[in-house]
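Student: here is my input, please return the structure:
(chains A, B and C)
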Amino acid sequence: MDASMAGTILAAIFTLAIFSLLYRDNPFYRFAEHLLVGVSAGYYVVHYFSSAVLRKFAYPVFVSQDWWLLPGGLLGLLMLFRLSRHTQWVSRYAIAFYVAAWSGYLIPSVIQERVLVQIQGTIPQLIGATPGAVIGALILLVGVTTILVYFYFSAEHRGALNSLSRIGITFLMIGFGASFGYTVMGRVSLLIGRFQFLFQEVPEVLGL
Amino acid sequence: MHELSTHPVWHAPPHRGDRRTCQKALSAAAPPRAMVLLGMGRQNALRLLGMGLWISTALLAAPRAEPTPAPEAGAPIECRLDVRDAPNDKGTALEICWRAPADSADITVYAIERRDPETGDWQPVGTVSPAVAARDPQGGFRHQDRRAIEPNRTYAYRLAVVRSGARGAPPETLHTAAATGVARAQWFNHDRLPAAIAVLLFSASLLLFIRWARGGRDLFIRRIAGLEAVDEAVGRATEMGRPVLYSPGLDPMEEVATVASVNILGQVARKCGEYETRLIMPNRDAIVMTVAQEVVREAYTEIGRPDLYDPNDIYYTTQSQFGYAAAVCGTMMRERPATNFFIGHFYAESLILAETGNATGAIQIAGTDSDSQLPFFITACDYTLIGEELYAGSVYLSREPLLLGALKGQDAAKAVILALLLGGTILMLAGVDIRPLLG
Amino acid sequence: MKKTGPVILGFLVGILMLVQYFTPNAWIEARYNNVLDWKQVVFGMTLILGVVSLFLYHWRKISRRQSGWGYSVVTIGGLLFMIFAALIWSPEAGPYRWMFDYVQAPMQATMFALLAFYVASASYRAFRARGFHAALLLTAGVIVMLGRVPLGELIGVRIGETHISLATISSWILDYPNLAAKRGVMIGVGLGMTATAIKIIVGIERTYLGRGA
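Tutor: Numbers count the residues shown, from 1 in each chain, chains lettered A, B, ... in the order given. Modelled structure (predicted):
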């Protein structure tokens, strides 16, 4: 038995062990779950240590003397101060850097992509459009505006505000239902993929 | 490459790569589309939307009609060449622009060359077929050269108009033109002016409302059902003598959904502390884990019960998405928490978590900004914070005046967006399209 | 030092990252790329904290002989095996790669495939739900689900000469009401995200630094 055959048999056993969760928690699932956690934690720590710490810090700084990458390593080391409760505050510098850097990046890109572009796409071009397109564009406009009314937190939803926000909720539910229905077939194909592995690939490898 | 004869028909003046020079020189030829928009948009916007500042400033970014040389009136095969600075970049690109000759039916290719500033040799930049070349609105051609161009240096280009010979005959160069240009670095990307204005206005309104809230005003915020249920959900766990499980989602600490989740965690931890109920929190991200440990410990300390804090209850599992899902499912099956919170950004594992929680009979409160996972949480959980409600949640629970002020700022922005949507639609009916002003 | 220093650092870095969006300046672009690299390094280093936490969590279970401590041995075994396999052989091949291909990847794929069952149970739950909005969700879901399979082309109504199939209705729902829902949520979330990010940069939002900050 070669390594690949042994691996396929093992993969089939672990596939069944994970599927057993559908019945209830049991020792097979528990074993598979604990192994998956340990192995994947080890996999990712090696992966990120190699792709980030070595390639973006250790090699460039100590081999190529690219001093611009030194602060990354220093900030990373500050994170390790979290291991002791008394020195934990030092790591705040690294966390503040980490969180605020991404926040700064997000502000303009989110405003552009999630707000301005969406407003742009919602303002309808009604003149010269077919009746079907006009109806669709108006539904889109009514949907977006009433959903925004639903997300208005500064006033109690009563009277007209309540009516509009209820229309908004109606749009949300239709939209969520559609997303749900859209996903179902994709999920089924995932299952088919695992069944193909169990009932086609495994017997082939075992010569059955 | 064909042999090119240097026969400039029209020389560009030095430094014509400067964008302003180009636009000024060509403004007579360019149709005044932007100017039309400027006049109509400003008047209508002021009258209908009260958004004068935004729209009129955004209009300054709008004149993007490509400057083009004046229409050709000379011999059929003559071709004007213009080398311009590519806009909105760091000075590392030039735009080679030319108009098709009046009789261009026979032209098979335009060949562009650049003179090496060091050696003086002509080197090919590219050949452009008239059928696929980038066009500007006036029918001219454009080709961008991005190969090793340095800012503030003059580059000379020449263009050959080539017709392929019939039946194996050698290609024929109909005409050549030459020009020079200088690439300049810009400090501001004008294409992003609308976003800059929106960021400034939104930030200003937020800070204004926060300042207003600091004045001690009583700020109203409507009821959010999912958060009203937090007390009941934690109380249920206490009555049943079972723990509460909190999942902060899969995103790292840098994502604002996780920041919002950690805020809500603080409030949930306070409730758990008050009811002396154990709080379990498996994490996928190590930074989120360390931050959560600190937040929970401080929540317990604030209510005078630091003894309840157990760092083992807030632990790291694995970076793997489905490894994390397996671990949380296992915890739910074994620890049987009476209440599950799934608050943060989730991916496909959302339904695995929520359905497993359902199978254990837990009351479940979810909140996510991930629109693709909301349908699953809505179906499988008792309460779901939809989208922006997640961000409003921490404000709602903490009632901190500063955060309340910021929420008011968000609502003001929504009012402006509604005005833009409705006003923009009315303007569209009047024949004015404000969409290009939004970026 | 403990409180203000991190907030000032966050403010400066946040402003740099914000400004880089609007300027094509080469120096700022280079610093932006540096910040992205530094972030990756910080993230890589914090995984050490995660692994230490995971190890200690399970080690305590083993040393105290808590219920299920044997499974903790499996977790620690898997973790240490992967780290040492990468150090002794290579992360590109050998036992490290084998464990990924034959142990980790199939289990991850199977967890993902469980969704097919959970989608079915969630659909059943939606069927049982009462109320107008639950009915809407269910109806839209069923129409779109059927509209995406060949059967959806056949089922439909004929109005005059036109056959309106479930597939057509499904496309229409996805193009308009579904898009409206996505857009509405997206704009609201966009404002929430931006507001939170601004609060982080100016130091109003600092829970993530710990409440003492």
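
Student: whichever strand or helix holds B:Leu227: which residues count as buried?
Tutor: Here B:Leu227 sits within helix B:225-240, counting by DSSP states H and E. For helix B:225-240, burial by neighbour count (16 or more other Cβ atoms under 10 Å in any protein chain shown) applies to B:Gly226, B:Leu227, B:Ala229, B:Val230, B:Ala233, B:Val234, B:Gly235, B:Arg236, B:Ala237, B:Thr238, B:Met240. Backbone N, C-alpha and C define where each C-beta goes, glycine included.

Student: among the residues you listed, which one lies nearest to chain A?
Tutor: Checking the buried residues of helix B:225-240 against chain A by Cβ to the nearest Cβ gives B:Leu227 as the nearest, at 11.4 Å.

Student: from B:Val395, how far off is that closest one?
Tutor: 10 Å (Cβ to Cβ, to the nearest Å).

Student: residues near residue 199, how many?
Tutor: You didn't say which chain, so I picked chain A. Look at A:Phe199: counted by other Cβ atoms under 10 Å in any protein chain shown, it has 11 neighbours.

Student: the intended chain is chain C.
Tutor: By other Cβ under 10 Å, 23 other residues sit near C:Lys199.

Student: so how far is A:Pro131 from the residue of chain C positioned farthest from its centre?
Tutor: Using Cα atoms, centre = their mean, the residue of chain C lying farthest from its centre is C:Gly160. It sits 47.6 Å away. Counting by Cβ to Cβ, the gap from C:Gly160 to A:Pro131 is 15 Å.

Student: what do you get for B:Gln319?
Tutor: 52 Å.

Student: can you check C:Asn25 too?
Tutor: 50 Å.

Student: those two: which has the busier surroundings?
Tutor: Looking at C:Asn25 and A:Pro131 with other Cβ under 10 Å, you find the greater number of neighbours at C:Asn25, namely 20 against 7.

Student: my read: the more buried one touches B:Ala185, true?
Tutor: Yes - the pair formed by C:Asn25 and B:Ala185 meets the contact definition of Cβ atoms under 8 Å, at 6.6 Å.

Student: and C:Leu151, what does it touch?
Tutor: Counting by Cβ atoms under 8 Å, 6 or more residues apart in numbering or on different chains, C:Leu151 makes contact with C:Leu166.

Student: repeat that for 10 Å
Tutor: Listed by Cβ atoms under 10 Å, 6 or more residues apart in numbering or on different chains, the contact set of C:Leu151 reads C:Ser165, C:Leu166, C:Ala167.

Student: backbone phi and psi for the residue nearest the centre of chain C, please?
Tutor: Residue closest to the mean C-alpha point of chain C, counted by Cα atoms, centre = their mean, is C:Phe112 at 13.4 Å. The phi/psi pair for C:Phe112 (degrees, to the nearest 10) reads phi -60, psi -40.

Student: which parts of chain B are helices?
Tutor: B:19-26, B:33-44, B:52-61, B:193-214, B:225-240, B:256-275, B:286-302, B:321-335, B:349-359, B:374-380, B:388-398, B:401-429 (DSSP state H).

Student: ok, now chain A?
Tutor: So, for chain A - with DSSP H - the helices run A:3-19, A:27-48, A:70-79, A:91-110, A:117-122, A:131-150, A:159-196, A:202-206.

Student: surely A:Val39 touches C:Ile76?
Tutor: No - in this structure A:Val39 lies outside contact range of C:Ile76 using Cβ atoms under 10 Å: 11.1 Å.

Student: returning to what we had before: a markdown table for the helices of chain A, including mean pLDDT and distance to chain B?
Tutor: Below are the helices of chain A laid out as a markdown table (pLDDT from 0 to 100; distance: least, Cβ to the nearest Cβ, whole Å):
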| stretch | mean pLDDT | distance to chain B |
| --- | --- | --- |
| helix A:3-19 | 94 | 7 |
| helix A:27-48 | 96 | 4 |
| helix A:70-79 | 94 | 8 |
| helix A:91-110 | 96 | 4 |
| helix A:117-122 | 96 | 5 |
| helix A:131-150 | 95 | 5 |
| helix A:159-196 | 93 | 4 |
| helix A:202-206 | 89 | 21 |
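
Student: out of the ones you listed, deepest packed?
Tutor: helix A:91-110 (a mean of 26; mean count of other Cβ atoms under 10 Å in any protein chain shown).

Student: could you give the angle of that one to helix B:256-275?
Tutor: Counting by axes from the mean of the first three to the mean of the last three Cα atoms, to 10 degrees, helix A:91-110 lies at 130 degrees to helix B:256-275.

Student: is helix A:91-110 positioned near chain C?
Tutor: Yes - against chain C, helix A:91-110 shows contacts by Cβ under 10 Å from any Cβ of the partner chain at A:91-110.

Student: can you list the domains in the chain?
Tutor: Defaulting to chain A. Segmentation of chain A into domains, based on automatic domain parsing, reads A:1-65, A:70-122, A:124-208.

Student: actually it's chain B I care about, not the one you picked
Tutor: As given by automatic domain parsing, the domain ranges for chain B are B:19-30+B:65-187, B:219-399.
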